[in-house]
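[1] sequence and predicted structure are below.
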Amino acid sequence: MKLARGFCWIGLSVVFAVTLQGAGSFRAAAQSEFMRGDRMPYDAFDRLASIDIDVSGGVIQVGFAPGEISLPREKVLDWIRASAKAVSVYYGRFPVDSLKLLLVPVDGARVRGGTTWAYRGPAIRVLLGRQSLEDDLRRDWVMVHEMVHLALPYMDERNAWLSEGLAVYVEPIARVQAGDLSAREVWQAMMRDMPKGLPQAGDQGLDNTGSWGRKYWGGAMFCLLADVEIRKRTGNRLGLQDAVRGVIAAGGNHARDWTLQRVLSTADRAVGADVLTRLHDEMGARPVTPDLAGLWRDLGLRAQNGSVEFDETAPLAAIRAAITKARAD
């Protein structure tokens, strides 16, 4: 989840839960301190010791808020490195030169949520369950999701569907390209979850319908349709991956404020086709219901016995394979 100019509702829910457990305890106070305030997570780095991680094209400054974590710290740093590697593989480099990453221990296991900011430079705060195991981090998607946000400039809130949708779409593909997931898992999840992004009664298009389904999965659907169309238009030489790399190459990332039109036109120029701008003209102001069943069939995807089977004879099977294939560069 991204919230570049404000405070995340997931964070608030954790603060309330901690407060109910006893505001007098040091642990609750520490959690609350690093969960509130307009200057978080930036001010945390004025007080906490931090560790620098070198990544492709940049550095991540990692800070640990007070609190115990069952895993050795090096295991946590390995998770951050693996997440940054997946994002770097997809984008060709880490999207920003410098990132502040604050980890806040919270009760429970697994990664409990994340938020990305930009108003004082790129920054991410992730809530990490104290009882997390190595397998929890190996299966985690939150860290990669938040890092994917770094590749898009900050836009008006009504266009948050693109940032959230891109993160939903790119995160699993980046993990496949990095060798952390299988393509079959990704396509099975897309077939299961993509219908959540279809317009419902009263929908006014992606720019004017702020429901959870439309913001996250409607945005992801836009990205999938754009990826397929770019590949059709370029003989499968280029895809959405090249379009967003073009945004980064033009100086666009989460430390910049751009309009949606600038983002889309810059991405289109990178692939030599006006796919994203035209698709937004169709889907931005009015509801569009794509034929997902037909798309899955053309991509060579068939749900069977709780899994997904690939049909390599389907007309768009090569495009489906290219979307998740790791780039030679």
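    It's in. Residues are numbered from 1 along each chain as shown.

[2] so what's Lys215 up against?
    Contact analysis of Lys215 by C-beta atoms under 8 Å, 6 or more residues apart in numbering lists Ala160, Trp161, Glu164, Gly165. In this view, the C-beta of every residue, glycine as well, is placed from N, C-alpha and C.

[3] can I get these in CSV with secondary structure and pLDDT?
    Converted to CSV, the contacts of Lys215 look like this (DSSP: H, G, I helix; E, B strand; the rest coil; pLDDT from 0 to 100):
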residue, secondary structure, pLDDT
Ala160, helix, 95
Trp161, helix, 97
Glu164, helix, 97
Gly165, helix, 98
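
[4] and those as TSV, adding distance to Ala322 and neighbour count?
    Conversion of the contacts of Lys215 to TSV gives the following (distance: C-beta to C-beta, whole Å; neighbours: other C-beta atoms under 10 Å):
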residue	distance to Ala322	neighbour count
Ala160	28	21
Trp161	25	29
Glu164	24	24
Gly165	20	24
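
[5] nearest to Leu101, of those?
    When the contacts of Lys215 are compared for distance to Leu101 (C-beta to C-beta), Glu164 comes out closest, at 19.5 Å.

[6] do I have it right that the closest one meets Trp217?
    No - assessed by C-beta atoms under 8 Å, Glu164 is found out of contact with Trp217, at 9.1 Å.

[7] ok so, going back, quick check: the farthest pair among the contacts of Lys215?
    The largest separation in the contacts of Lys215, counting by C-beta to C-beta, is between Ala160 and Gly165 at 8.8 Å.

[8] for the closest residue to Glu229 other than its chain neighbours, grab the count of nearby residues.
    Nearest non-adjacent residue to Glu229, counting by C-beta to C-beta, 6 or more residues apart in numbering: Val275, 4.8 Å away. As a burial measure, Val275 scores 24 neighbours (other C-beta atoms under 10 Å).

[9] cool, and Pro287?
    Neighbour count for Pro287, taken as other C-beta under 10 Å: 18.

[10] now Gly218
    For Gly218, the neighbour count with other C-beta under 10 Å is 27.

[11] quick one, phi psi at Val111?
    phi -80, psi 130 (degrees, to the nearest 10).

[12] list the contacts of it.
    Counting by C-beta under 8 Å, 6+ apart, Val111 touches Val126, Leu127, Leu128, Gly129, Ser132, Asp136, Leu137, Asp140, Val142, Met143.

[13] just the residues you listed: which are in strands?
    Val126, Leu127, Leu128, Gly129 (DSSP state E).

[14] give the rounded mean pLDDT of whichever strand in the chain runs longest.
    In the chain, ranked by residue count with DSSP E as the criterion, the top strand is strand 98-106. Mean pLDDT, strand 98-106: 94.

[15] buried residues in that strand, which are they?
    Neighbour-count burial for strand 98-106, with 16 or more other C-beta atoms under 10 Å as criterion, is recorded at Leu99, Lys100, Leu101, Leu102, Leu103, Val104, Pro105, Val106.

[16] the residue nearest to Gly165 when sequence neighbours are not counted: neighbour count?
    With sequence-adjacent residues excluded and distances taken as C-beta to C-beta, 6+ apart, Gly165 is closest to Gly219, at 1.7 Å. The tally of other residues near Gly219 (other C-beta under 10 Å) stands at 25.

[17] quick one: the helices in the stretch 51-200 of the chain, in order.
    73-91, 134-139, 142-149, 160-177, 183-193 (DSSP state H, counting those that start in this stretch).

[18] where does pLDDT dip in this protein?
    1-33, 35-40 (pLDDT under 70).

[19] which residue ranges of it form strands?
    With strands called from DSSP E, the chain shows them at 50-55, 58-64, 98-106, 111-117, 123-129, 301-304, 307-310.

[20] tell me which of these is the most buried.
    Among the strands of the chain, ranked by average contacts under mean count of other C-beta atoms under 10 Å, first place goes to strand 123-129 (a mean of 25).
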